[in-house]
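> Structure for this input, please:
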Amino acid sequence: AVSRSGMIYATISGQRGKQTPISIVRVSPAGRGTPFVSGILNATGLAFNPDGELFVTSRAEGNVYRIDASGEPTLYVEGMGVATGLAFDPDGSLYVGDRQGTIFKISPGRQIFVFATLEPSIAAYHFAHGPDGYLYVAGPTTSSFDCVYRVSQKGEVEVYYRGLGRPQGLAFDDEGRLYVAASLAGRKGVVRIGTNREAELFASGPGIVGLAFTPSRSLVLATTNALYRADVGIKGRPLY
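Residues are numbered from 1 along each chain as shown. Sure, this is the predicted structure:
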């Protein structure tokens, strides 16, 4: 996740049930990384709310934590199953993906609703809100011909694009094109899906699981053990 000021935040999740020394690392636009949060078991999904506060899921505990400016976590909501993907809408409602097949919606008053149900994922759900107000969801399964779904504000699920291998991280640019960490026709990297729903391989590279645009029009790519920056000259879609 990338803040409005361009600071990059990444989780160091580790194996399920095993605590890592650092839960979240903060990286400056110049590439300097410093420990930011510790003590969260299997920190996984990251998202900023409309007020600029950082939130993170613990997939082992099923909890969501709010992180203050000093890196101190406080429990925000619990009981979210194997909590992975995380996203806020402009109204401040929080969406949490339980990779066992449920997307929860938590209102600003912390009321919990079942928003939608999907096929379980073998890894994690990844979220991004599109310019049409839909919640876009990727979650790899055992199939080599997976989907990106989109979910209406009423919780109605439809297939947006089918034909990706192991789709994971999602991000939109300001022209409404969707970028997915996935493979297309056996080629791994970042797939770009246009507004006409035609897909192309945008960037090549193995092991990419997450991505986010920065204010400097770069694309930050996360693998299982590193962050990379690609100076693509493309403006990301503002979250709010």
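> Model confidence for G165, exactly?
pLDDT, G165: 96.
> let me redo that: V190
98.
> didn't it look like it was pressed against F202?
Yes: look at V190 against F202 with Cβ atoms under 8 Å: they come within range, at 4.7 Å. Every residue, glycine included, has its C-beta placed from N, CA and C.
> Pull the contacting residues for T84.
Contact partners of T84, counting by Cβ atoms under 8 Å, 6 or more residues apart in numbering, are 44-45, 57, 59, 97-99, 121, 123-126.
> buried set for the top strand by length along the chain?
Counting by DSSP state E, the longest strand found in the chain is strand 157-165. By 16 or more other Cβ atoms under 10 Å, the buried positions in strand 157-165 come out as 157, 160-161, 164-165.
> C-alpha coordinates for that strand, PDB please?
What follows is strand 157-165, C-alpha atoms only, in PDB (Å, rounded to 0.1, in the frame of the first residue of the first chain):
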ATOM      1  CA  VAL A 157     -21.000 -11.100  -8.100                       C
ATOM      2  CA  GLU A 158     -20.100 -11.400 -11.800                       C
ATOM      3  CA  VAL A 159     -17.100 -12.400 -13.800                       C
ATOM      4  CA  TYR A 160     -15.200  -9.400 -15.100                       C
ATOM      5  CA  TYR A 161     -12.400 -11.300 -16.900                       C
ATOM      6  CA  ARG A 162     -11.600 -15.000 -17.200                       C
ATOM      7  CA  GLY A 163      -8.300 -16.600 -18.300                       C
ATOM      8  CA  LEU A 164      -5.600 -15.700 -15.900                       C
ATOM      9  CA  GLY A 165      -3.200 -17.900 -14.000                       C
END
